[in-house]
Every structure is written in C-alpha cells, then in structure tokens.
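In: Could you work out the structure for the sequence below:
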Amino acid sequence: MAPTSSSVLVSLQKNTQHIRNICVLAHVDHGKTTMSDSLISSNGIISQKMAGKLRYLDNRKDEQERGITMKSSAISLYYNRPSPTPSPSSTDNQTEYLINLIDSPGHVDFSSEVSTAVRITDGALVLVDAVEGVCIQTHAVLRQAWMEKVRPCLVVNKVDRLITELQMSPLEAYMHITKVIEQVNVIVGGLYNEEAVQDTQAASDSAPNTTTSSSSSSSSSSSTSTSQPTDSNTSEDDLESKVFDWSVEEKDDSSIYFNPAMGNVVFASAQDGWAFGINQFAELYSKKLGMKEEVLRRTLWGDFFYSPKEKKIYQKQKGNLQPMFVQFVLNSIWEVYNSVMVTQDREKVDKIVTSLKLNVQPRDIAALSKDPSVTLQAIVTSWLPLSEAVLRMVVDKLPSPAEAQAERLPHLYTPHDLPASASAEERERAERILQSMRKCDPNAEVAVAYVSKVFSVSKESIAAAVRARNLVVMPRRGYSSSSSSSSTPAPPTPMPMPMPMPASTPSPSQHANSTNAPPPEYARAAAGTESSLLPSSNTPSASSSGGSEDSEEFIAFARVFCGTLRRGQKLYIL
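Out: Residues are numbered from 1 along each chain as shown. This is a model prediction of the structure:
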C-alpha cells in the first residue's frame, strides 16, 4: 500500500463516526511495539519485512538500545474497511477510517505513560502472550482501562510459540488458549463485581433514613417486649433486605467478557505478521460448507463438533470429533508451519499457496531451503494479514469518539459542579458545552480539552522537525547527534523522518484529537497526522524572570473533546 497523504488524514477527521482513538496495553515484552510495526506497515510507512525489527515507535535512542518502550508514542493510520454488506449497484463498497494509535510502555517503571495514553483514548488493545499468559502488568492495565471507562479488546499474541517452542498439538494449543482467555475474564469479572459492590454500598448509603428507622423500630420492639422473638427476627430480615440489593445478580454482564465468538478477541503472531478472528474463518467456511455465516460465528469457538459425514454440528463430543476451532482453524495453521518450518516440503507449500489463492512471490517460495522463515512470513501475511484482523476488530468493536464521550463524560465532567453563586446564564452555557462535548461538535462555542501532561521543548527542535519533514529517508535505529535522542514519528508522504527532540526532555507524544484538524501553522510539524503539536502561546514565558527559557515552547499531550484549535484562542481544560 502506498503511503496515505496528509490531506486524506485531515479530511477523515471531519466524520467522528469514522475515527477510533486507541492505545496498546500489555505486560512488558508481550509484543506491543512489534504489532504496532505491522499496523504501520499496512500504511506503507515501513516495509512489512522490517516490522518487528525496526521498532518504529521506539523513537528514542535509549529505547532502541535497551529494546523496550519507555515513552508513549502516537501515530495516525488509515484503514479502508470492506463493506460487510456490499451492494452490487455500488462501485465503492469500502469505508474509510482514521485510527489514532498510541503505543504505551509495558514496564512497571513507566506506568505513568500508560495512564497518559488511557486517559485520552476511547478503546484499548490488550495483548497477552499465549505462552506466558496473564502477568502482573496485564492485571494493572486491565484495571486502569476499567477505571477510565475505556473499552478493551483482547489480542492473544505469539501463538506461533505454541507451535515452534512448546510444540503443542492443535488440540493442546486450543485448551491452553482457552485457559488464557479464562484468566483474563476472571480479572474482568472481579473488576465488575468490585464495582457492583461499590454501587450497592453507595445506594444503601444514599438512603440512611430507611435503615435508621428500621433499626430504631427493631430496638423499640426489643425493649418493649423481649418475649417476642418472631417480631425481632422479622425486623432483622427486613433490615437485611434493605441493606443488600440482590438485584445486582440480575444484571447482564455478558458484554464485558472476552469471547472470540463475540468478535472482541483476535489470535495473532505479531512477529510473523499474521492474525485472525472468528469472523474471517466464518466467512471462508460458510461458502465451502454451505452454512450460514452467523451459525459459524457462534460455533467456531467453544464445545461444538462438526461431523463431515452427517454435515451436522453437535454440542457434545461424538466419537473422535475435534472442536470446530481445532478442526477448521488451528489444523490449517499448524499444517502451514509444519510444511514450511519442519519438513520444508516444496510440493506441499506450492499446493497450499495454490489452494488458498495467495499472492506469493516466486523468490519467497525459492527461499524455502535457505531461510524458511521468509517463505513462512510471505504465506501467512498474504493469507491472514495482521492489520486486517486487528483494525477490523477495532472498527467493529471499539467506540467512536462521539459514542465513547457520551459514556465517559459523567466520569470526566459535570456542569453541576458550578458554585452556588453561578448565574442562570452561566449554568445554561455550561449545559451547552456539555452537549457539544457529547456530540464531539467541532463548531462548539469553546474548545475543551483534557491535557494529560505538558513539557517544554526548544524551538530549535521544532524547527528541525519542520525541516526534516521534507526529507525522504528511512528511519534509523537511533541518532548519533548529541543534541537529539528522541522523536515522534507520524505518517507523511512519501516517507517520514521522526521529529528529533532534546535528550534532556521526554519524548513528545501527540494529542489524540477526536474531531479537529491540526492547526495550519503546525500542520507540517505534525507530519500529516491527525494529531498536532500544541504550543502554549498564551502561557507566560519564563523569560520574564530573566531565565534562558525564552527559546522554549510548551508541548501538550492532550485530547480535544469539542471545538477546533486555533492559534491564540482560549482553551478550556478539564
């Protein structure tokens, strides 16, 4: 795919329904940056063969040297999703989306960067290593996403390790993956129960008069007549029924759990560049088996067994039948790996490529005897491209800014917090602002943003970024210049060079603006992304105190909730 022009990314910001603001969360070394590389390669910014090796969003020198992510980095991606119900009369059966992605650190020492990313996004991709399973930071990021009302999706990464390292059979791998997903759901269930208990306690605390009156009546009956245990027991039962809200058990919590059949789970190998969801195989086998796609979506995961002779699906195992997920999905993937990595059978590899109708270059097939990993990646990336599976899940299951802000605003802002002395006009204005924030209105009377961190950057670094914008270079593994060791990459045309920053300052992360185009004066520094650099021109400079900071600007890592950013305007901060 050719790199997307900045004008296309800017135009996509006008439709908030086609924007997704997401962050990537996981324990350290579970594959966040490698997966981000694969998503970036889908936009033609880097080569697919360099994905996982370049670590494009690890733009600081120390990040490249240590091989871990230390600062959050943002980038805007373009995704053209095929229409789920193509119309024969329409010539364009695809829908364009803008994906604002933030790659966050996984190490516990940089947890503040995770908080920064979660606060300004609407959805999260939670990665879990298929071998290591749930780790301590996995629990931490799930809790953080839950507390911030950010909707998560699950990516079970490094499935290839079950084949190459643990050498599991497809059935063993299925049982292992099932346990991993159950571990994640146990954490989510605990968070839900904890919140339910808190809500129940808050509801009981909000009605103290009823409890007090019941207690007083119970004390009264005990003091007046100690020989009436029946009345005393009745009072205790009444009190118990009023203190505990048993209706909590009736709430439907099925939507909060991760279930591949629901489409909020993807299985992936970011290192090899492939991923898939249940929907993809349901579409494939619905034509081959002559079954409804909706039926396969519900039965390709779980204890469902298909009998080829009877052409029926059973909910209980019959004979030697395997679960449908093993029979139709894992067996196929295991066969590809065995044919390429183990037996290196050229004839079988050619048969696989032909039967799946894959577009694989002859030179990649010829590399089978010398470097089978090249042949493997060529086959699996053509068959199950990671970007298609992950970005389709993001578009289908994670909310748009307008949908997410309506849910999250009570957690972030309420006009009822105005002082008692506020006039009726001020209260009406606050209500109008609230409605604009709910709708992500770019034409709101004021611009409202949430700033998660601010730091100073020298003007020389910004100027260097503007000059570097016009260079056509490949990103390097670190920079030799002593004055710059960090950068913020973003997708320009034809190939970006990340913006260098001073070694003494943190890596600048860009704001995940849900509605607005970048300011014209900083469109070039943003390198064509939907995010932009925010200089605080209205902030008093430290030069007034005689310092040397008059050559610095302030950069904000922020999320705009309504309005449009313009130079010199007043910005309301949550």
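In: what secondary structure does Pro419 sit in?
Out: Using DSSP: H, G, I helix; E, B strand; the rest coil, the structure places Pro419 in coil.
In: residues contacting it?
Out: Neighbouring residues of Pro419 by C-beta atoms under 8 Å, 6 or more residues apart in numbering: there are none. The way it works is simple: take the backbone N, C-alpha and C, and place the C-beta from them, glycine included.
In: and with 10 Å instead?
Out: Taking C-beta atoms under 10 Å, 6 or more residues apart in numbering as the contact definition, Pro419 lies against Glu426.
In: Distance of it relative to Arg427?
Out: Distance of Pro419 to Arg427, computed by C-beta to C-beta, to the nearest Å: 10 Å.
In: now swap in Ala140 and tell me
Out: In this view, Ala140 and Arg427 are 39 Å apart by C-beta to C-beta.
In: Neighbour count for the two, which is higher?
Out: Ala140 (16 against 13; other C-beta atoms under 10 Å).
In: pretty sure the more buried one is touching His27, no?
Out: Yes - the pair Ala140 and His27 qualifies as a contact (C-beta atoms under 10 Å) at a distance of 8.6 Å.
In: anything in contact with each of the two?
Out: Gly106, Val108.
In: for the protein, longest helix please?
Out: In terms of residue count, the longest helix belonging to the chain (DSSP state H) is helix 170-205.
In: pLDDT averaged over it, what's the number?
Out: For helix 170-205, mean pLDDT is 91.
In: In that helix, which residues are buried?
Out: Across helix 170-205, burial judged by 16 or more other C-beta atoms under 10 Å covers Pro170, Ala173, Tyr174, His176, Ile177, Thr178, Val180, Ile181, Val184, Val188, Leu191, Thr200.
In: Using JSON lines, please lay out the residues you listed together with distance to Ala444.
Out: Converted to JSON lines, the buried residues of helix 170-205 look like this (distance: C-beta to C-beta, whole Å):
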{"residue": "Pro170", "distance to Ala444": "54"}
{"residue": "Ala173", "distance to Ala444": "51"}
{"residue": "Tyr174", "distance to Ala444": "50"}
{"residue": "His176", "distance to Ala444": "50"}
{"residue": "Ile177", "distance to Ala444": "46"}
{"residue": "Thr178", "distance to Ala444": "47"}
{"residue": "Val180", "distance to Ala444": "44"}
{"residue": "Ile181", "distance to Ala444": "41"}
{"residue": "Val184", "distance to Ala444": "38"}
{"residue": "Val188", "distance to Ala444": "35"}
{"residue": "Leu191", "distance to Ala444": "34"}
{"residue": "Thr200", "distance to Ala444": "37"}
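In: What ranges in the stretch 451-574 of the chain fall below the confidence cut-off?
Out: Residue ranges of the stretch 451-574 of the chain with pLDDT under 70: 465-550.
In: now with 80?
Out: 453, 455, 461-551, 556-557, 574 (pLDDT under 80).
In: repeat for the stretch 301-450 of the chain
Out: For the stretch 301-450 of the chain (pLDDT under 80), the answer is 410-420.
In: Tell me where it has helices.
Out: 324-325, 331-337, 346-355, 362-366, 372-383, 386-397, 401-412, 424-439 (DSSP state H, counting those that start in this stretch).
In: tell me the most buried of these?
Out: Compared across these, helix 324-325 shows the largest average neighbour count, a mean of 24 (mean count of other C-beta atoms under 10 Å).
In: who's in contact with that one?
Out: Defining contact as C-beta under 10 Å, 6+ apart, one finds that helix 324-325 is touched by 170-171, 173-174, 177-178, 260-261, 267, 278, 281, 285, 296, 299-306, 313-314, 331.
In: redo that, cut-off 7 Å
Out: Contacts to helix 324-325, defined as C-beta atoms under 7 Å, 6 or more residues apart in numbering, come from residues Tyr174, Thr299, Leu300, Trp301, Phe304, Phe305, Tyr306.
In: for stretch 113-120, same thing?
Out: With C-beta under 7 Å, 6+ apart as the contact definition, stretch 113-120 has outside contacts at 23, 25, 71-72, 102, 104-105, 124, 141, 144-145, 148, 150, 450, 452-453, 511-512, 557-559.
In: What of stretch 420-437?
Out: Against stretch 420-437 from outside (C-beta under 7 Å, 6+ apart): Gln405, Leu409, Pro415, Leu418, Ala444, Glu445, Val446, Val448, Phe561, Cys562.
In: follow-up on the earlier one: okay if I get the contacts of helix 324-325 as JSON lines plus distance to Glu431?
Out: Conversion of those to JSON lines gives the following (distance: C-beta to C-beta, whole Å):
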{"residue": "Tyr174", "distance to Glu431": "53"}
{"residue": "Thr299", "distance to Glu431": "49"}
{"residue": "Leu300", "distance to Glu431": "48"}
{"residue": "Trp301", "distance to Glu431": "45"}
{"residue": "Phe304", "distance to Glu431": "51"}
{"residue": "Phe305", "distance to Glu431": "57"}
{"residue": "Tyr306", "distance to Glu431": "56"}
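In: Let me know the closest of those residues to Ser204.
Out: Using C-beta to C-beta, Trp301 comes nearest to Ser204 of the contacts of helix 324-325, at 39.5 Å.
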